[in-house]
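Engineer: What would the 3D arrangement of this be:
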Amino acid sequence: MAVDERAAVPLPTNGDLSRVFHEIGDLLEIKGELVFKTVAYHRAADAIAHSPVEIARAYRAGTPPRIAGVGKAISDKIAELATTGRLAFLERLHAEVPSTLTEVLAIPGLGPKTVKLLWKRLGIATLEDLRTALDSGALRDAKGITEKGELAIRVGLDGLERRGVRMTLGDAERIVESIVELLRDAPGLVALTPAGSFRRRRETIGDLDLLAETDDPGAVIERLTTLAPIEHVVGAGPRKASVRLVRGPQVDLMTFPPGDAGTYLVHFTGSKEHNVRLRGIARDRGWSLSENGFLRLGEDGEPETGTATELRTFPTEAEVYSFLGLAEVPPELREDRGEIEAARVGRLPLLIEEADLRGDCHAHSDWSDGIHSIEPMAETARARGYAYLVLTDHSHGLAIARGLTPERVLAQREIVRGLNRRFAAEEDAGTAPAATPPEGFRILHGCELEIRADGALDFDDEVLAAFDVVVAALHQGRRQPRAQLTERVLGAIRSPHVDVIAHPAGRMLGERARDDLDLAWDELFAAAAETGTLLEIDGSDHRLDLAPERARRAVEAGCRLTIDSDAHRTEELAGIRWGVAQARRAWVEPAVVANTWSRDALLAWVAAKPDRTR
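Structural biologist: Alright, predicted model coming up:
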């Protein structure tokens, strides 16, 4: 009687397979393989991790599914892993490259070439080896490691050891969407809602919280713990579960009965400080508030218990806040920064929404460091219903971004004029996209003007005066003293030709030892308010600059803002929503945001700048 030897081999989960192919990609990077090959393995790993199909089981059954990005070579490796539990290719890689180097590669800012150099020249194969080499000064003796490079490695290692998994909003959204897709058809599931810091749109996200409204909690929990791309199950019970994702965060799932969403959404959205205030208000009114609902307090001040106890629940958050005598507080404001007091007296702000935006004042094309050409960038903005897109390729002082010389500016302007003539003709003929607004769509010709290290602007006044909109930014000389940095930005604010200061703090979330430029912010806000220079909230989820606290101070000082995508490819234009979310966290209303204005109103504001700066 034949024996199926495969039955004795444990069935790899999608998470197991994903880890293997991510590791292969990392090891190939360290070896110095071609980029397209390493990227192929990482893409396959991601596709496997988020597949709703149990990949290994399907391979064993002889019905391998189609997986995006998986060709024959990788498919053969999946088959080998599924049937034998081993992979000869990975074992050969382990013989050539220590697997622990993938941990070293995880240090922010440390690329595969440097990891290979540290290993080959100093024998550094683990994080412990690297820490020892740093403390002993051994890195200084390695050819190819500068003093500045050593400092960067130390900062990156310290950061890796301090932090958990922190994600951008975009990364968190992609993970949430994949988990939602996996759970969507679970038996008894009514609704699945993200909660926690992601729902409040914090700048970076740690763990993810999901709320499942369901009459079959066991089925939803089983689906999460068996199909999700998990590293391991942290815990699972009758109503909730926690799992750690492969190369990702912890996901906490809480279930609750249909019709009881209100208090669950309030409680698990947070923040902790906001919830403490709500519980205090409830207690003052004679109730105990928890995620389960409201319980009447007894004479001893403790919640009443027993079969006759009344538990008050509500289907919506609005009803929960109303029961407490408050207007509903938008999730972005739930940080205990004045929103409770405003909700009590009906003075919450009418927050800006993405639909309020009439255009985008900061976007790039392949004329500098963008990916797509001008036309598809414009067509995508037009399809979004915008009246304008300000094209802001870099000026030539930022050489790393292939910035434009004055001669290239003139050539680009002719391209813009030609496209605008075409847009006008299509609008006149009635053949423009349905989303085109009544005033039509136009590209506004601008630039992202470099504020040089000596404070000079990258183009002279004659060149600047010919742009529709000028966006200025500081990228160089970030380590200068506060007074010098501030004076450089003030010079741009006071220029009659500079209309917007882009990503004013110069932050890059999680990628720089010092996120923000050391600036005298109150001086900058006063100058921007006086001159009418607009300050940007950059919607790139890697920047989100101005930060909400700073943007709120700017508006209180009398400044006006723009909310922009800083897009470098067509799909990044949609990232403006993250800028809107940060503006909402800053209590920003539409009237103070310049790109909620019509095209004519924006251009009129820009045209008046010289008079305000004299």
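Engineer: burial measure for Glu291, as a count.
Structural biologist: Glu291 is flanked by 15 other residues according to other Cβ atoms under 10 Å. (Glycine included, C-beta is placed from N, CA and C.)
Engineer: Leaving out chain neighbours, which residue sits closest to it?
Structural biologist: Counting by Cβ to Cβ, 6 or more residues apart in numbering, Glu291 lies nearest to His267, which is 3.8 Å off, once chain neighbours are set aside.
Engineer: Going along the chain, name the strands of the stretch 201-350 of the chain.
Structural biologist: Counting by DSSP state E, counting those that start in this stretch, the stretch 201-350 of the chain has strands at residues 204-205, 208-214, 230-236, 240-245, 250-256, 287-290, 293-296, 311-312.
Engineer: would TSV of those strands with mean neighbour count, distance to Glu556 and mean pLDDT be doable?
Structural biologist: Shown next, in TSV, are these (neighbours: other Cβ atoms under 10 Å; distance: least, Cβ to Cβ, whole Å; pLDDT from 0 to 100):
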stretch	mean neighbour count	distance to Glu556	mean pLDDT
strand 204-205	20	25	92
strand 208-214	24	32	97
strand 230-236	15	43	85
strand 240-245	20	40	90
strand 250-256	21	36	95
strand 287-290	19	32	94
strand 293-296	19	36	94
strand 311-312	15	38	92
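Engineer: Go through those strands and name the closest to Arg585.
Structural biologist: With Cβ to Cβ as the measure, strand 204-205 is the member of those nearest Arg585 (13.0 Å).
Engineer: Going by contacts, tell me the helices and strands next to that closest one.
Structural biologist: Applying 3 or more Cβ pairs under 8 Å, 6 or more residues apart in numbering; DSSP states H and E, we find strand 204-205 packed against strand 167-168, helix 169-183, helix 196-200.
Engineer: The first one pairs with which strands?
Structural biologist: Pairing partners of strand 167-168, with direction, according to DSSP bridges: strand 204-205 (antiparallel).
Engineer: Give me the contact list for the strand it pairs with.
Structural biologist: Contact with strand 204-205 is made by 166-169, 171-172, 196-198, 249, 509-510, as judged by Cβ atoms under 8 Å, 6 or more residues apart in numbering.
Engineer: now those residues: which count as buried?
Structural biologist: Buried members of the contacts of strand 204-205, scored by 16 or more other Cβ atoms under 10 Å, are 167-169, 171-172, 196-198, 249, 509.
Engineer: just for the chain, where's the confidence low?
Structural biologist: 1-8, 108-109, 141, 155, 158-165, 228, 306-309, 510-515 (pLDDT under 70).
Engineer: Show me it divided up by domain.
Structural biologist: The chain breaks down into these domains under automatic domain parsing: 5-162, 167-258, 262-344, 354-613.
Engineer: Go through this protein and flag its longest helix.
Structural biologist: The residue-count maximum for a helix in the chain (DSSP state H) belongs to helix 406-429.
Engineer: just to revisit the earlier point, make JSON lines out of the contacts of strand 204-205 and add distance to His503.
Structural biologist: Shown next, in JSON lines, are the contacts of strand 204-205 (distance: Cβ to Cβ, whole Å):
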{"residue": "Arg166", "distance to His503": "19"}
{"residue": "Met167", "distance to His503": "20"}
{"residue": "Thr168", "distance to His503": "15"}
{"residue": "Leu169", "distance to His503": "16"}
{"residue": "Asp171", "distance to His503": "19"}
{"residue": "Ala172", "distance to His503": "21"}
{"residue": "Gly196", "distance to His503": "27"}
{"residue": "Ser197", "distance to His503": "22"}
{"residue": "Phe198", "distance to His503": "23"}
{"residue": "Pro249", "distance to His503": "26"}
{"residue": "Leu509", "distance to His503": "11"}
{"residue": "Gly510", "distance to His503": "15"}
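Engineer: about what we covered before: with distance to His42 as new columns, can the buried ones among the contacts of strand 204-205 be given to me in JSON lines?
Structural biologist: Compiled in JSON lines, those are given as follows (distance: Cβ to Cβ, whole Å):
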{"residue": "Met167", "distance to His42": "17"}
{"residue": "Thr168", "distance to His42": "17"}
{"residue": "Leu169", "distance to His42": "21"}
{"residue": "Asp171", "distance to His42": "14"}
{"residue": "Ala172", "distance to His42": "19"}
{"residue": "Gly196", "distance to His42": "27"}
{"residue": "Ser197", "distance to His42": "27"}
{"residue": "Phe198", "distance to His42": "24"}
{"residue": "Pro249", "distance to His42": "18"}
{"residue": "Leu509", "distance to His42": "22"}
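Engineer: State the pair within those residues that is farthest apart.
Structural biologist: The distance between the two most remote of the buried ones among the contacts of strand 204-205 (Cβ to Cβ) is 18.2 Å, for Gly196 and Leu509.
Engineer: hang on, Arg131 packs against Ile153?
Structural biologist: No. Using Cβ atoms under 8 Å, Arg131 is not in contact with Ile153, being 10.2 Å away.
Engineer: what about those two, which has more around it?
Structural biologist: Using other Cβ under 10 Å, the more surrounded residue of Arg131 and Ile153 is Ile153, with 21 against 15.
Engineer: Against Gly149, how distant is the closest residue to the more buried one other than its chain neighbours?
Structural biologist: Leaving aside its sequence neighbours, Ile153 sits nearest to Leu110 (Cβ to Cβ, 6+ apart; 6.2 Å). In this view, Leu110 and Gly149 are 10 Å apart by Cβ to Cβ, to the nearest Å.
Engineer: between these two, which one's more packed in?
Structural biologist: Shown here are Leu110 and Gly149; by other Cβ under 10 Å, Leu110 has more neighbours (19 against 15).
Engineer: With only the CA atoms kept, save the one helix or strand Tyr41 maps to in CSV.
Structural biologist: Tyr41 is part of helix 35-49, with elements assigned from DSSP states H and E. Taking C-alpha atoms only, helix 35-49 is exported to CSV below (Å, rounded to 0.1, in the frame of the first residue of the first chain):
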residue,chain,number,x,y,z
VAL,A,35,17.2,44.7,-8.5
PHE,A,36,14.4,43.2,-10.7
LYS,A,37,15.1,39.8,-9.3
THR,A,38,15.1,40.8,-5.6
VAL,A,39,11.9,42.9,-6.2
ALA,A,40,10.2,39.9,-7.8
TYR,A,41,10.7,37.8,-4.7
HIS,A,42,9.4,40.5,-2.4
ARG,A,43,6.4,41.1,-4.6
ALA,A,44,5.6,37.4,-4.7
ALA,A,45,5.9,37.3,-0.9
ASP,A,46,3.4,40.1,-0.5
ALA,A,47,1.0,38.5,-2.9
ILE,A,48,1.2,35.1,-1.2
ALA,A,49,0.8,36.7,2.3
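Engineer: Now do that helix against helix 169-183: the angle between them, please.
Structural biologist: Counting by axes from the mean of the first three to the mean of the last three Cα atoms, to 10 degrees, helix 35-49 points 40 degrees away from the direction of helix 169-183.
Engineer: Make 777 the first number, not 1, from now on.
Structural biologist: That works, and once the first residue is 777, the last one we named lands at helix 811-825.
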